[in-house]
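**Student:** Attaching a predicted model along with its sequence, questions to come.
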Amino acid sequence: NVSTLEQIKDLIDKLEIDDYQIFEQVLSKNVHDVPRLNNAVWPGYNCVFILKITVEVKYNQILRELRQYNKSVFNKSERISVCAWSVDDVFDD
């Protein structure tokens with residue numbers, strides 16, 4: 001939910017994750033809440049963060065923090081979804 005963008009960004013910065021991207025105005029429909037399609041029927045939109053985490057300790061820490069975040073939200077529309085996977089090859093040269 002776009003309303004949580006700054007909170008999540010602050011959390012990522014607090015954990016000193018220096019390599020990330022943010023996609024704003026992402027339209028979505030999922031089983032956890034109402035659709036966010038940025039139209040008159042389904043207003044609002046989501047944001048997507050892509051984090052590059054190479055240290056396992058940092059990975060575990062961010063997952064713990066994000067789970068804790070979900071437990072503390074005011075309502076279910078503020079919860080975030082997390083998908084994690086390993087990437088075999090990365091280059092930025």
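**Tutor:** Sure thing, it's come through.
**Student:** C-alpha only now, for contacts and for neighbours.
**Tutor:** OK.
**Student:** Break down this protein into its strands, ranges please.
**Tutor:** Here the chain has its strands, by DSSP state E, at 20-26, 46-51.
**Student:** Could you report the pLDDT at Lys58?
**Tutor:** Listed pLDDT for Lys58 reads 89.
**Student:** what number of residues lie near it?
**Tutor:** Neighbour count of Lys58, defined by other Cα atoms under 10 Å: 14.
**Student:** Now do the same contact list for it.
**Tutor:** Leu15 (Cα atoms under 8 Å, 6 or more residues apart in numbering).
**Student:** Touching, Asn70 and Ile80? I think so.
**Tutor:** Yes. At 6.6 Å, Asn70 and Ile80 qualify as touching, with contact defined as Cα atoms under 8 Å.
**Student:** out of those two, which sits in the busier spot?
**Tutor:** Neighbour count, other Cα under 10 Å: between Asn70 and Ile80, Ile80 has more, with 18 against 15.
**Student:** Now the residue nearest to Val73 when sequence neighbours are not counted: phi and psi?
**Tutor:** Residue nearest to Val73 in three dimensions, not counting chain neighbours: Arg79, with 6.5 Å by Cα to Cα, 6 or more residues apart in numbering. Backbone torsions of Arg79, given as degrees, to the nearest 10, read phi -60, psi 150.
**Student:** Pull the contacting residues for Arg79.
**Tutor:** 1, 69-70, 73.
**Student:** Mind picking the two most distant members of the residues you listed?
**Tutor:** Maximum pairwise distance among the contacts of Arg79 (Cα to Cα): 13.5 Å, between Asn1 and Tyr69.
**Student:** These two: which is more packed in?
**Tutor:** More crowded of Asn1 and Tyr69, by other Cα under 10 Å: Asn1, with 19 against 16.
**Student:** tell me which residues form a beta bridge with the closest residue to the more buried one other than its chain neighbours?
**Tutor:** What sits nearest to Asn1 in space, not counting adjacent residues and going by Cα to Cα, 6+ apart, is Asn46, at 4.4 Å. Beta-bridge pairing for Asn46 (DSSP bridges): Val26.
**Student:** Tell me the span between the first and last residue of stretch 33-52.
**Tutor:** 27 Å (Cα to Cα, to the nearest Å).
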